[in-house]
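Undergrad: here's a sequence, model it:
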Amino acid sequence: EAGARAERCVSRYVSVVCAVSGLFS
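TA: Numbers count the residues shown, from 1 in each chain. This next block holds a predicted model:
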């Protein structure tokens, strides 16, 4: 499903942003 794929992509994106923020915080 496109919806499931989009959700997974967003989750991955958020995880990356979270990790990067942790490195710089």
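Undergrad: state the distance from residue 4 to residue 10.
TA: Counting by C-beta to C-beta, to the nearest Å, the gap between residue 4 and residue 10 amounts to 11 Å. C-betas here are computed from N, CA, C, even on glycine.
Undergrad: now swap in residue 3 and tell me
TA: 11 Å.
Undergrad: just want to know which of the two has more residues nearby.
TA: residue 10 (10 against 7; other C-beta atoms under 10 Å).
Undergrad: neighbours of residue 16, how many?
TA: That count, for residue 16 with other C-beta under 10 Å as the rule, works out to 10.
Undergrad: now it: which helix or strand?
TA: Using DSSP states H and E, residue 16 sits within helix 2-24.
Undergrad: what about that helix, average pLDDT?
TA: For helix 2-24, mean pLDDT is 87.
Undergrad: give me the distance from that helix to the chain's centre.
TA: Its chain's average C-alpha position is 0 Å from that of helix 2-24, according to C-alpha atoms, centre = their mean, to the nearest Å.
Undergrad: try stretch 1-17
TA: Mean C-alpha position of stretch 1-17 versus that of the full chain (C-alpha atoms, centre = their mean) differs by 6 Å.
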